[in-house]
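Trainee: Turn this into a model:
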Amino acid sequence: MIEDDHSPSLLDVRQITKSFAGVAALRGVDLTVRAGEVHCVLGQNGAGKSTLIKTLSGVHQPDGGTIHWQGEPTTIASPVAALGLGIATMYQELDVVDGLTVAENIFLGHENARGGVLRVAGSNRLAGELMTRLGHGSISPKTEVGTLSAANKQIVSMARALSHDTKLIIMDEPSAVLDSEEVKNLFRVVRELTASGIAVIYISHRLEEIRQIGDRITVIKDGRSTASGLAVSATPTAELIRLMTGRDVANVFPARVPVAADSPVVLQVEDLGLRGEFSGVDFTVRAGEIVGLAGLVGSGRSEILETVYGARKASTGRVSVSGTALRAGSVDSAVAAGIGLSPEERKSQGLLLDEPVFKNITLSTFGRFAVGGVLNDRRERDAAVEQIAALELRPDDPDRITRTLSGGNQQKILLARWLVHGTRVLLLDEPTRGVDVGARAEIYALIRRLAAAGNAIVIVSSEIEEVLGLADRVLVIGDGRVLATKDSTDIDEHGVLDLVMKGSAA
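Mentor: Below you'll find the predicted structure:
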């Protein structure tokens, strides 16, 4: 991390503006990045972060303002020109080519050749060195990228960035597809890069990541920089949220609504176990109640939700809805009883990204909209439009392709799907992953509103603060066991971590 606050700037952006068809995306953004620092850019979806990235990477040309690179005024005319300057960009949507090998992806567009002949052995050797530098030397340069996980594809994308004479790497939501260990490795690599003088622009919705990896912060709201160059260590989280949303942090989590003592038990989980994952899990959820599962990654939280939903077949125990036991390992049984799951990886596990919004909303309820065995698009669309209005989906277009929506609105689509189905029990796994702070507040309010309407809700989140802020009761999970059950007002984040550490040591 950078130590000299007065070191010369590598990139200096002043009052950049950009409009599309008369709509302003950037209204005046200032950004100064120094060599050897991690400069974090924060902002809600639609704030202008993507437009700024594409302007710095040469995809878009600004309408106004100035860009200085290493002290000299410059125009970044194209992505090739950006790479020529030493600016490489890693986009959130991975840009690797599945049909090519690791080495071919890394050197795509600047192939290692002599006399028009590719130097395959040399490319493989250099690719192997880059992958080793990134802590993934076990991945062969000859491996076809299409066979890799999303996390490893991202490593290939990073290796491609480093294959150029890079001075600045722009990382757009780099941790979105990574687990906790992979995030640690990412941070290790970022620190090694900055130690060698490379600068990193790091974009993330996760404020806890910014605390761990960032040096300075620029905040963008409505196309303008509301703050530029703030020191991470000196800026409270509450201030960052206010700069991003215009609201105080106290307004992020909605007020709790007390659950009536005579509220009926909707979901009952008894002695539930899944061999090798968790055992002896007991809990109930009443109508109108939110129960949270708090713990570290790998504790068994997601596996518990998936087993309750029937996606995994329990080894022991049973799950009941309103007193009726479900068939173990049967999603159909769970859905018929009124259980719906919003999975951790909503893009790959929950949504048909290239289908319209209304098709995704009605995905689990097709039978209701069929006449003589033929789907009635109008009835489907009408049911979807009702939920789009109720959940304030934006834009409110049922024919919009799902891929084009923000993370927060994609999450609303999953909730709408289960509401159309008449679901009584909602299992929410990482409901705000990839969702910006402003949209999170909307999701939180929506979850609380669904509980107030009588739904029973179970929430899992890797952010303990989120579980405590939303849930009425919290189950602390560690090593596949329930370590404690607490009212959320009787425990804080440190208390959860203490229980987890003690449970792991037991």
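
Trainee: How many neighbouring residues does the closest residue to Leu353 other than its chain neighbours have?
Mentor: Among residues not flanking Leu353 along the chain, Arg403 sits closest, at 4.0 Å (CB to CB, 6 or more residues apart in numbering). Every C-beta, even on glycine, is put in place using the N, C-alpha and C of the backbone. Arg403 has 13 neighbours, counted by other CB atoms under 10 Å.

Trainee: do the one 5 residues further on as well
Mentor: Gly408 sits with 24 neighbouring residues when counted by other CB under 10 Å.

Trainee: can you check Glu270 too?
Mentor: 15.

Trainee: Give the pairing partners of the helix or strand hosting it; include direction for each.
Mentor: Using DSSP states H and E, Glu270 sits in strand 265-274. If you go by DSSP bridges, strand 265-274 pairs up with strand 278-286 (antiparallel), strand 316-321 (antiparallel).

Trainee: quick one: contacts of it?
Mentor: 278-287, 300, 303-304, 307-308, 312-323, 339, 424-425, 456, 458 (CB atoms under 8 Å, 6 or more residues apart in numbering).

Trainee: rewinding a little: could the strands paired with strand 265-274 be laid out in JSON lines, adding distance to Thr432 and mean neighbour count?
Mentor: Listed next are those as JSON lines, based on distance: least, CB to CB, whole Å; neighbours: other CB atoms under 10 Å:
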{"stretch": "strand 278-286", "distance to Thr432": "20", "mean neighbour count": "19"}
{"stretch": "strand 316-321", "distance to Thr432": "25", "mean neighbour count": "18"}
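
Trainee: In TSV, list the ones you listed along with mean pLDDT.
Mentor: Shown next, in TSV, are the strands paired with strand 265-274 (pLDDT from 0 to 100):
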stretch	mean pLDDT
strand 278-286	97
strand 316-321	97
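
Trainee: wouldn't Ser320 be in contact with Leu326 here?
Mentor: Yes - with contact defined as CB atoms under 8 Å, Ser320 reaches Leu326; the gap is 6.8 Å.

Trainee: three-state assignment of the residue nearest to Leu353?
Mentor: Using DSSP: H, G, I helix; E, B strand; the rest coil, the structure places Arg403 in helix.

Trainee: Phi first, then psi, for the residue minimising distance to the centre of the chain.
Mentor: Geometric centre of the chain, nearest residue: Gly434, 2.4 Å, by CA atoms, centre = their mean. Dihedral angles of Gly434 (phi, psi; degrees, to the nearest 10) stand at phi 70, psi 20.

Trainee: Which residue, other than its chain neighbours, is closest to it?
Mentor: What sits nearest to Gly434 in space, not counting adjacent residues and going by CB to CB, 6+ apart, is Gly407, at 3.9 Å.

Trainee: what's the answer for Ser196, then?
Mentor: In space, and not counting its chain neighbours, Ser196 is closest to Gly36: 8.0 Å by CB to CB, 6+ apart.

Trainee: Ends of stretch 337-356, what's the gap?
Mentor: Counting by CA to CA, to the nearest Å, you get 27 Å between the two ends of stretch 337-356.

Trainee: list the contacts for Ala400?
Mentor: Check again: residue 400 is Arg, not Ala. Taking CB under 8 Å, 6+ apart as the criterion, Arg400 is in contact with 356-357.

Trainee: How confident was the prediction at it?
Mentor: As predicted, Arg400 sits at a pLDDT of 90.

Trainee: do you know how far Glu129 is from Ile106?
Mentor: Using CB to CB, to the nearest Å, we find Glu129 at a distance of 10 Å from Ile106.

Trainee: Which one of those two is surrounded by more residues?
Mentor: Each of Glu129 and Ile106 has its neighbours counted (other CB under 10 Å); Ile106 has more, 28 against 14.

Trainee: For Glu386, grab the count of nearby residues.
Mentor: Neighbour tally, Glu386, other CB under 10 Å: 14.

Trainee: List the contacts of the helix or strand where it lies.
Mentor: Glu386 belongs to helix 377-390 when assigned by DSSP H and E. Here helix 377-390 makes contact (CB under 8 Å, 6+ apart) with 357-359, 361-362, 365, 368-369, 371, 393, 396, 398-399, 416, 419-420.

Trainee: So which of these are in strands?
Mentor: Among the contacts of helix 377-390, the members falling in strands (DSSP state E) are Val371.

Trainee: Can you flag the buried ones in the contacts of helix 377-390?
Mentor: By neighbour count, with 16 or more other CB atoms under 10 Å, those hold 357-359, 361-362, 365, 369, 393, 398, 416, 419-420 as buried.

Trainee: Now intersect these with the helices, please.
Mentor: 357-359, 361, 416, 419-420 (DSSP state H).

Trainee: from these, which is closest to Ser233?
Mentor: Closest approach to Ser233 among those (CB to CB): Ala416, at 40.9 Å.

Trainee: ok so, going back, closest one to Val467 among the strands paired with strand 265-274?
Mentor: Comparing these by CB to CB, strand 278-286 comes nearest, at 13.8 Å.

Trainee: got the CA coordinates for the closest one in CSV?
Mentor: The C-alpha coordinates for strand 278-286 follow below in CSV (Å, rounded to 0.1, in the frame of the first residue of the first chain):
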residue,chain,number,x,y,z
PHE,A,278,-23.9,-30.5,9.2
SER,A,279,-25.9,-32.3,11.9
GLY,A,280,-28.4,-31.9,14.7
VAL,A,281,-30.0,-28.6,13.3
ASP,A,282,-33.2,-27.6,15.1
PHE,A,283,-35.2,-24.4,14.6
THR,A,284,-38.6,-23.0,13.9
VAL,A,285,-39.8,-20.0,12.1
ARG,A,286,-43.2,-18.3,12.8
